[in-house]
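1. Okay, here's the prediction I keep looking at, along with the sequence it came from:
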Amino acid sequence: LLQTPDYARAVLSVGVSLTSEEQLQDRLAARLRRQERLSSPDRPELWVVLDEAVLRRPIGGRSVMRAQLSRLLDVATEPHITVQVLPFDQREHDVMGGSLTILTMPDGSEVAYTEGAHYGQLIEEPDDVKRFSLSYDRLRAASLPPIMSLDMIRSVMEGNHRGASVPSRSERRRVAQEQLQQSGGWQLRRGGRRHTRRRPRP
């Protein structure tokens, strides 16, 4: 949902199921059409957790990657979009090797969608969805606060990542508390609108 056209093209081009340039164009067009929801009148709340590896692998080359990181910084200023980075120091986690999307519907019900390089699965069984939702919440809790996440994205984009250090837990907690005080408290609203929560691709 947050990919630039060039980044999306680079990602879609490596799929083993890709058979032609026409198919690539169709997939790219479909992906970009989905992004229109983020600027529609009834746009969803979007909360994205990105693995740090997403920032550091130069998909499409350095210029494409720089533009992608710049886009992340731009969209994260939108009031309905939150971006967090899960740093390497968190080690292994429940969703390694793929992505997880939790959709909260207007009636408050949730569904989960898991995706890997060559598969995708929709999960609707409430108990299973609850487990995936808990996995997502754990990832969000382990991630850097939004302000620190944007600082890391900016640092990687500017080429300073070799010397960048991951903030300590106490520093993360301090920044998160400051953000809560400034915003009046965060609340993930579960009714009334559809919410999309994603991890880990931009």
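-> Looks like it came in fine. Here the structure is a predicted model, which is why all the values come from computation and not from measurement.
2. need the contact list for the residue nearest to residue 97 when sequence neighbours are not counted.
-> Spatial nearest neighbour of residue 97, chain neighbours left out: residue 116 (6.3 Å); criterion: CB to CB, 6 or more residues apart in numbering. All C-beta atoms are positioned from the backbone trio N, CA, C, and that covers glycine. Residues in contact with residue 116 (CB atoms under 8 Å, 6 or more residues apart in numbering) are 97-99.
3. Check pLDDT for the residues you listed and point me to the minimum.
-> Across the contacts of residue 116, the smallest pLDDT goes to residue 97, namely 75.
4. What count of nearby residues applies to it?
-> For residue 97, the neighbour count with other CB atoms under 10 Å is 7.
5. hey, which helix is longest across the chain?
-> Identified as the longest helix of the chain according to DSSP state H is helix 126-142.
6. In CSV, list the contacts of residue 116 along with secondary structure.
-> Below are the contacts of residue 116 laid out as CSV (DSSP: H, G, I helix; E, B strand; the rest coil):
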residue, secondary structure
97, coil
98, coil
99, strand
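7. With respect to residue 28, which of these is nearest?
-> Using CB to CB, residue 99 is the member of those that lies nearest residue 28, at 17.9 Å.
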